[in-house]
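Colleague: predicted structure and sequence below. I'll ask about it afterward.
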Amino acid sequence: MRKDYSLPAAQVPVHQPATVSAAERALLKDEIRDRLAALDAVLVAHYYVDGDIQDLAQETGGCVADSLEMARFGRDHPASTLVVAGVRFMGETAKILSPDKRVLMPTLSAECSLDIGCPPDEFEAFTQAHPERTVVVYANTSVRVKALADWVVTSSVGLRIIESLAARGEPILWAPDKHLGAYIQRATGADMLLWSGACVVHEEFKFQALKDLMAVYPDAAVLAHPESPAAVLDIADRVGSTSQIIQASRELPHDTFIVATDRGIFHQLRKHSPDKRFIEAPTAGDGATCRSCAHCPWMAMNELRTLAESLQREDSEVLVAPALGAKAMAPLKRMLDFPPP
Ligand code: 13P
Ligand code: SF4
């Protein structure tokens, strides 16, 4: 049996964001606005980060997006500095795609359990053992892992890209998320050999507790991110990336939604549909101790004060070795060039 690369709970940090008063938040937001302007910088934020940071990105001409659109936006924006509020692979992707821009992050400590669970040397050995397979990796990986891939995909486009590879008869080696890989495999029938990593946040969503909650809200639609376990995905009304979840919440006629993804997304869900009700999908069930509880501890490190201080110091810069970055650019570019539906 293949080694399990899920991160043990003991290795998942517990991050408790600082409590900041409304007045201080307003001051920090003003300070960040000023620094962005002074640095010719644009703020590119993920849907899981602090709501104030999401608002700031939108108010200052930046964007709040899923990992695919963050990559595209950063590449296409004329600012000389990109400030990426998310986790490290998002900052690295921005740097790979824009080697001549400076990429800053609130903190370089914001990791991702999928990235950690795919050590480049071991992954390289895996690819060498299966040279006949097309290597497709999720964006939630290090630069070195991307540099070993034929394709990088995000959950917005992974299914369509693998469908097209399968139609050409290509056998696939997939890493690192086992749930997303298995979901795509079931949906496309592709021949996929899967790495065995997992997201510590989505792994926590539990089938039985979700069924129980659905019984309490029989009219609710269930929206799930494909990093969730198969039993959860099987009973969801819609499965999709963060942006696809937001889109579904706007399109579907339901008034109530149970949402199986990081709770940071509720900020945009409520902004888009203030009259609808959004409920968190249950995580570990009765009596369990939960270290992730539907909020990514690394995304939580993107705090207003951390962002303001890092922009003052300008010291959290993402660096990528140019030769390695150039290698990782090719599979990323293939994804960005893949035709829209
Ligand atoms: P999206 O590409 O759907 O934004 O997902 C990124 C991620 O890290 C989900 O956990
Ligand atoms: Fe990684 Fe999961 Fe956090 Fe997304 S939510 S960044 S997949 S650990």
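Modeller: Ah, there it is. Residues are numbered from 1 along each chain as shown. Ligands and ions are numbered 1, 2, ... in the order given.

Colleague: map the structural domains onto the sequence of the chain.
Modeller: What automatic domain parsing lists as the domains of the chain is 20-111+299-319, 114-199+324-337, 202-280.

Colleague: quick one, which of those domains gets closest to residue 13.
Modeller: Nearest to residue 13, of all those, is domain 20-111+299-319, at 8.4 Å by CB to CB. In this view, the C-beta of every residue, glycine as well, is placed from N, C-alpha and C.

Colleague: so is that closest one next to ligand 2?
Modeller: Yes. Using CB under 6 Å from any ligand atom as the criterion, contacts between domain 20-111+299-319 and ligand 2 involve 87, 299.

Colleague: gap between the two ends of that domain?
Modeller: 31 Å (CA to CA, to the nearest Å).

Colleague: and the one residue in the stretch 1-150 of the chain that gets nearest to ligand 2, how many neighbours does it have?
Modeller: Closest contact between the stretch 1-150 of the chain and ligand 2, by CB to the nearest ligand atom, is at residue 112 (3.2 Å). Counted with other CB atoms under 10 Å, residues neighbouring residue 112 total 27.

Colleague: got it, and the one 3 residues further on?
Modeller: Here the neighbour count serves as a burial measure; for residue 115 (other CB under 10 Å) it reads 21.

Colleague: after the strand or helix carrying it, which helix or strand is next?
Modeller: In this assignment (DSSP states H and E), residue 115 forms part of helix 113-116. Downstream of helix 113-116, the first helix or strand assigned by DSSP H and E is helix 120-129.

Colleague: for the helix or strand that that next one is followed by, what is the average pLDDT?
Modeller: On the C-terminal side of helix 120-129, the nearest following helix or strand under DSSP H and E is strand 134-138. Strand 134-138 comes out with an average pLDDT of 98.

Colleague: now stretch 109-116
Modeller: For stretch 109-116, the per-residue pLDDT averages 97.

Colleague: endpoints of it, how far apart?
Modeller: One end of stretch 109-116 sits 12 Å from the other (CA to CA).

Colleague: mind checking if the helix holding residue 115 is in reach of ligand 1?
Modeller: No. Using CB under 6 Å from any ligand atom, helix 113-116 stays clear of ligand 1, coming no nearer than 7.6 Å.

Colleague: returning to what we had before: please look at the residue of the stretch 1-150 of the chain closest to ligand 2 and residue 88 and confirm they touch.
Modeller: Yes. Between residue 112 and residue 88 there is a contact under CB atoms under 8 Å: 7.0 Å.

Colleague: need the overlap of contacts for these two.
Modeller: Shared contacts of residue 112 and residue 88 (CB atoms under 8 Å, 6 or more residues apart in numbering): residue 298.

Colleague: please tell me I have it right and residue 68 contacts residue 154.
Modeller: Yes. Counting by CB under 8 Å, residue 68 touches residue 154, with 4.2 Å between them.

Colleague: residues shared between the contacts of the two?
Modeller: 139, 241, 335.

Colleague: out of these, which touch ligand 1?
Modeller: residue 241.

Colleague: how about low-confidence regions in the chain?
Modeller: Along the chain, the parts satisfying pLDDT under 70 run over 1-2, 285-292.

Colleague: quick one: distance of stretch 213-225 to the chain centre.
Modeller: How far stretch 213-225 lies from its chain's middle: 23 Å, per CA atoms, centre = their mean, to the nearest Å.

Colleague: quick one: terminal-to-terminal distance for it?
Modeller: Chord length of stretch 213-225, first to last residue, is 18 Å (CA to CA).

Colleague: do it and ligand 2 meet at all?
Modeller: No. Contact of stretch 213-225 with ligand 2 (CB under 6 Å from any ligand atom) is absent, the minimum separation being 8.4 Å.

Colleague: what do you get for stretch 239-246?
Modeller: No. Stretch 239-246 lies out of reach of ligand 2 by CB under 6 Å from any ligand atom, never closer than 9.1 Å.

Colleague: pull the CA atoms of that stretch into PDB?
Modeller: Taking C-alpha atoms only, stretch 239-246 is exported to PDB below (Å, rounded to 0.1, in the frame of the first residue of the first chain):
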ATOM      1  CA  VAL A 239     -19.000  20.200  -5.800                       C
ATOM      2  CA  GLY A 240     -16.500  22.900  -6.900                       C
ATOM      3  CA  SER A 241     -13.600  25.200  -6.300                       C
ATOM      4  CA  THR A 242     -14.100  28.200  -4.000                       C
ATOM      5  CA  SER A 243     -15.300  30.400  -6.800                       C
ATOM      6  CA  GLN A 244     -17.600  27.700  -8.100                       C
ATOM      7  CA  ILE A 245     -19.100  27.400  -4.600                       C
ATOM      8  CA  ILE A 246     -19.800  31.100  -4.600                       C
END
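
Colleague: contacts for it?
Modeller: In contact with stretch 239-246 (CB under 8 Å, 6+ apart) are residues 46-48, 65-69, 154-156, 183, 223-226, 233, 238, 247-248, 259, 261, 265, 268-269, 272.

Colleague: what subset of the residues you listed is buried?
Modeller: When the contacts of stretch 239-246 are checked for burial by 16 or more other CB atoms under 10 Å, the buried set is 46-48, 65-69, 154-156, 183, 223-226, 233, 238, 248, 259, 261, 265, 268-269.
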